[in-house]
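1. Sequence first, predicted coordinates after that:
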Amino acid sequence: MMTEEERAESRAGWGFVTPALVLIGIFFVIPVLAAFVLSFTDFDIYSIGDFGSTRFVGLKNYHDLFTTPLFWTSLKNTLYFVVLGGPLSVAVSLGAAILVNARMVRFKPFFRSAFFAPWVTTLVAVALVWRYIYHPQYGLINSALSHVGIGPIDWLGDPHWAMPAIVVLSIWKNFGYNMLVFLAGLQSIPAELYEAAALDGAGGWQRFRQITVPMLGPTFVFVGVVTMIASFQIFSEPYIMTQGGPLKSTTTLVLFMYEQGFRWWRLGYSAAIAVILFLLTLMGTAVQFRLQRRSDP
Amino acid sequence: MSNRARAWFGTTALATIALASGCSSREEGTTLRLWGFGREGEVAQQLVGEFERAHPGVHVKVQQIPWSAAHEKLLTAIVGHATPDLAGMGNTWIPEMVTLGALSPLDVHVADSSYFPGILATNKVNDTLFGLPWYADTRVLFYRKDILARAGYTAMPETWAAWREAMVAVRRLMGTGKYAIFLPTNEWPPIAILGLQAGSPLITPAGFGAFDQPAYTRAFNFILSMYRDSLAPSVNNTEIANLYQEFARGTFAMYITGPWNLGEFRRRLPPQLQDEWDTAPLPGPDGAASGVSLAGGSSLVVFRASHHQALALQLAEFLSEPKQQARFYHLTGDLPARREAWSDSSLAADHQAAAFRTELERAVPTPMVPEWEEVTTKMMDYTEAAARGRVTVPAALASLDADVNRLLERRRYLLARARGPAR
């Protein structure tokens, strides 16, 4: 039984969370449920004109999706991006965090801001610059490669190179945020641990393996999950840089969903893609948590 | 999710603006809101002054919207009840907007003889007029006179067979690395045009693809033969760094394209080449008359939600007058959709525009279904796949039909429902 005091406390607690719950309900739960229901209908451009013409089609959207080659292509491209871009992005941010946290580095605030700058720059401006960097004839990268005797690569025009090019751009654009998270994690590790380890004769690598990595455990989980979710949702970079080409090699799931939903207005069909993306992300997150729990002592 | 949220915010914002402007208009007379897309939107502002002077108390507010955002913006406006009074929009969108119930039927008498028949037809849905042609767009053949002359041709042939012979001759003359024609794999108009020329409806009235049939097969084989025999490079138009430079170099001697390139060719080709290029009506499978082309362009439409129906229609009629269309041509280079405007001195004397005049008389509409744009992407995909030898012709056409039939399933259901007993 709750005492009168506890009950009052619980009422106050509900009072505090209600506004947040209402907002989450209106802007998250209801749309998600609506999208789920939508994915079983053939809601499209005709439905906007005459809502009554919408039909419940059961699993037809899902069946159509699984028999559409472009769906599998976009799924493959997305997984390619997640598997290649995710770990690389985490590694780059950790490296950058360690660098700007190191004692002997000077002008730390400058480097911190410089590394964080891409994250707060609009992608359209970034894309403009990177398109020059990737330019097959006049680009920075190809001109550098030519000095070591590597022929020009059509970064954004060659189906094999377009996705790696998008991965590199995306890592450069986004590592700043994760770097800050890692930095916070690094700064919360007590300096005494390193001092004690140094006294016991541990080298730099040993200190990193035995102190830094374990102490950053929770940070790794957070960064890993957030990066993976963001990678599954990769959209803007290919949308602006390549429009999904060449030969659909950079068409990701969200780009495919966007085209179906907002270019062709096949909203029922694209809601089905959204549901599948949701399930994939959920599975990925569950796997990460499971792995993390197993590695915890 | 965030895209949908953004669309909602956009709609709300638009509705607020509409409300605000609606309120102020009541105080200062009537405000007509006109949406124009792309460059035409900028220029429309210069045309409405005369209309405002003729109608005291009427203010025309022109909003210019980039083409890339046009379609999305129109649909959001319709859903959010924030459409303007009238707009000048691509005539291929009319069927879709009529399906959505967004347009008012126009109660005006148009003299059929005044407009090019194909262009006027794109403005009618089930014999009801929903738009007034503003400017016309079609495709013709741009070609290098000098190269063709060296290959032994003083004029562009009029039949497919003779056209092909000319292309083979040009190819032989120019040698490796050069081609007779530029037929980018990511441009659908030439593909659709050749299909229409062969007599294919592309999509049947009942809502099925008509690709795996003799007429379209004939056109498809003709197109593929150009890639197979290296008369055309199988590349898309982003792989050609500078179209005008390559045309000047003689990388290809022909290109099927539209009116905007009249100005571009004059601006961008070197001066010494200016007398060496010309335009010609498209050859047809069975001679000149079968050399049809697309009836494209832009139309003035009045939205059903407008509170100023009569006035909006008056503005649409004003802008479509021959005199205004001729003025519009001088400002933008867009070709007039009315025959009278073509007697304008500078157009009548322009021999490079003459091919467009001929082709506009023959122009026919593309299938008038909302799914048309998506169908064109499928047509390009399968043409490219077949051109690169990834699929055989029968397989490509069968798959194309299957894909298109799937896209049109919903349309067939609605057609059947409309025919069946009322619910």
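-> Happy to help now that I have it. Numbering: from 1, shown residues only, chains lettered A, B, ... in the order given.

2. hey, let's count contacts and neighbours off CA atoms from now on
-> Will do.

3. Can you give me the neighbour number for residue A:36?
-> For residue A:36, the neighbour count with other CA atoms under 10 Å in any protein chain shown is 16.

4. so which strand or helix has residue B:302?
-> Assessed by DSSP states H and E, residue B:302 sits inside strand B:296-302.

5. How far off centre is that strand?
-> 11 Å (CA atoms, centre = their mean, to the nearest Å).

6. Then stretch A:59-70?
-> 25 Å.

7. Pretty sure residue A:140 is one of the things residue A:133 touches, is it not?
-> Yes - using CA atoms under 8 Å, residue A:133 makes contact with residue A:140 at a distance of 4.8 Å.

8. Return the distance of the helix-or-strand element of chain A with minimal mean pLDDT from the chain's centre.
-> Ranking every helix and strand in chain A by mean pLDDT, DSSP states H and E puts helix A:45-49 at the bottom, with a mean of 83. Offset of helix A:45-49 from its chain centre (CA atoms, centre = their mean): 33 Å.

9. which residues sit against that helix?
-> Residues outside helix A:45-49 that contact it (CA atoms under 8 Å, 6 or more residues apart in numbering or on different chains): A:53-54, A:264-266, B:79, B:99-101.

10. List just the nearest of these to residue A:32.
-> Nearest to residue A:32 among the contacts of helix A:45-49 is residue A:266, at 17.1 Å by CA to CA.

11. Okay, that closest one and residue A:257: tell me how far apart.
-> Counting by CA to CA, to the nearest Å, the separation of residue A:266 from residue A:257 is 9 Å.

12. And the two? Which one has more around it.
-> residue A:257 (24 against 20).

13. and the closest residue to that one other than its chain neighbours, backbone torsions?
-> With sequence-adjacent residues excluded and distances taken as CA to CA, 6 or more residues apart in numbering or on different chains, residue A:257 is closest to residue A:270, at 5.0 Å. Backbone torsions for residue A:270, taken as degrees, to the nearest 10, come to phi -70, psi -30.

14. Does residue A:270 touch residue A:253 like I think?
-> No - in this structure, residue A:270 is not within contact of residue A:253 by CA under 8 Å, at 10.0 Å.

15. Who are the contact partners of the one residue in the stretch 1-150 of chain B that gets nearest to chain A?
-> Per CA to the nearest CA, residue B:100 is where the stretch 1-150 of chain B lies closest to chain A, at 3.8 Å. By CA under 8 Å, 6+ apart, residue B:100 lies in contact with A:45-46, A:48-50.

16. What's the mean pLDDT across the helix or strand where residue A:205 lies?
-> Using DSSP H and E, residue A:205 sits in helix A:204-207. Averaging pLDDT along helix A:204-207 yields 87.

17. what do you get for stretch B:68-77?
-> Stretch B:68-77 comes out at a mean pLDDT of 86.

18. chain center to it: distance?
-> Distance of stretch B:68-77 from the chain centroid (CA atoms, centre = their mean) equals 18 Å.

19. That one near chain A at all?
-> Yes - contact between stretch B:68-77 and chain A, assessed by CA under 8 Å from any CA of the partner chain, occurs at residue B:72.

20. Dump the C-alpha coordinates for that stretch into PDB.
-> What follows is stretch B:68-77, C-alpha atoms only, in PDB (Å, rounded to 0.1, in the frame of the first residue of the first chain):
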ATOM      1  CA  SER B  68      12.700  21.000 -58.700                       C
ATOM      2  CA  ALA B  69      10.200  21.800 -55.900                       C
ATOM      3  CA  ALA B  70       7.100  22.300 -58.100                       C
ATOM      4  CA  HIS B  71       5.400  18.900 -58.000                       C
ATOM      5  CA  GLU B  72       5.800  18.500 -54.300                       C
ATOM      6  CA  LYS B  73       4.700  22.000 -53.600                       C
ATOM      7  CA  LEU B  74       1.500  21.600 -55.700                       C
ATOM      8  CA  LEU B  75       0.600  18.400 -54.000                       C
ATOM      9  CA  THR B  76       1.100  19.700 -50.500                       C
ATOM     10  CA  ALA B  77      -0.900  22.800 -51.400                       C
END
